[in-house]
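>>> coordinates for the following, if possible.
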Amino acid sequence: MEKGEGTSVNSHHQLTLGNLLRQVMDLLSPCWAYNKLIFSYCLPDTVTLVTGTVICPIYGNKVKLCLQENTKSVPLVLVELPLSTRGFTSSIQYGVLRVVLEPVHGPGSSQGWVTYCNGQKVGFARRLEMGEEKLVLDMMQMVSAGAGIMLHRGTETGGYKYLRGQFERVVGSDDTESYHLTDPSNCFGQEFSIFFLGN
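Down below sits the predicted model:
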C-alpha cells in the first residue's frame with residue numbers, strides 16, 4: 001500500500017467513526033439531557049404503549065410508580081412519589097389525576113424531581129434504593145392488569161393496593177414525555193397522566 005493510500009484509509013475510518021459516534025450521541029442526548037437519573041434507558045420513538053404499575057401501601061409509606069416497556073422488561077422508571085396512599089386515592093377519586101415531575105438540580109451532580117399533583121406541589125420524588133427496588137419488583141410479579149389488593153397480614157404495611165394498565169407514551173417538545181392511562185373498557189373510570197418535564 002502506498003503511503004498516501006494508508007493516510008486516505010485512516011482518514012476514511014476516522015470520518016466513519018466520527019459520524020457513527022455523532023449519530024449515537026444525537027440519539028441518546030435527549031434522554032441524557034432531561035431525566036438521565038430518573039429514566040434507566042431510552043425508549044425508541046416507535047414505542048407508544050408501556051405498562052404502568054402503581055403500588056400503594058395500605059398503611060404508611062409512599063406510593064411507588066413503575067413504568068416498563070412490558071411486564072417482563074427492566075423498569076424504565078421506578079420511583080417513590082411524595083404521596084401517601086390516602087393522598088393518591090383522594091386525588092384520583094375525582095376522576096382526573098395529573099402528576100408532573102420536574103427535575104431540580106441540587107449541589108454538585110445531585111438531582112431531584114419536584115412533584116406536582118393536579119397543579120399543587122406535593123414534594124420530591126426519589127429513585128428507589130437497590131433493596132427497595134428488589135422488594136417492589138418481586139411484589140409486581142404478583143400483580144395482574146387492573147386494580148386490586150394484596151393483603152400481607154402481620155406486616156407494617158398491612159398489604160398493598162395496586163393499579164396496573166397500559167399507558168400511552170407521548171414524546172413532546174423540549175425533551176418532555178408524558179404517559180396517559182388508556183382505559184378502552186372504561187373499567188378504571190379515571191384519567192391518570194404522568195408528565196416528565198425537561199430541564
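>>> how about the helices of this structure, start to end?
In the chain, the helices defined using DSSP state H lie at 3-35, 85-92, 130-140.
>>> isn't residue 80 up against residue 63?
Yes: counting by Cβ atoms under 8 Å, residue 63 is a contact partner of residue 80 at 7.3 Å. No exception for glycine: its C-beta is placed from N, CA and C like everyone else's.
>>> what residue ranges in this protein score low on pLDDT?
Counting by pLDDT under 70, the chain has low-confidence residues at 1-37, 60, 106-111, 153-157, 174, 184-189, 199.
>>> centroid-nearest residue for the protein?
By Cα atoms, centre = their mean, the chain has its centre lying nearest to residue 77, at 2.9 Å.
>>> distance across stretch 65-83, terminal residue to terminal residue?
11 Å (Cα to Cα, to the nearest Å).
>>> ok, residue 83 to residue 91 distance?
According to Cβ to Cβ, to the nearest Å, residue 83 and residue 91 sit 7 Å apart.
>>> how about the strands in the protein?
Using DSSP state E, the strands of the chain run over 49-57, 64-68, 75-80, 96-105, 111-117, 120-127, 146-151, 159-171, 177-181, 191-196.
>>> for the longest one, packing partners?
Applying 3 or more Cβ pairs under 8 Å, 6 or more residues apart in numbering; DSSP states H and E, one finds that strand 159-171 contacts strand 49-57, strand 146-151, strand 177-181.
>>> 10 Å instead, please
strand 49-57, strand 64-68, helix 85-92, helix 130-140, strand 146-151, strand 177-181, strand 191-196 (3 or more Cβ pairs under 10 Å, 6 or more residues apart in numbering; DSSP states H and E).
>>> re earlier: residue 80 and residue 63: which has the busier surroundings?
Set residue 80 next to residue 63 and count neighbours by other Cβ atoms under 10 Å: residue 63 wins out with 24 against 19.
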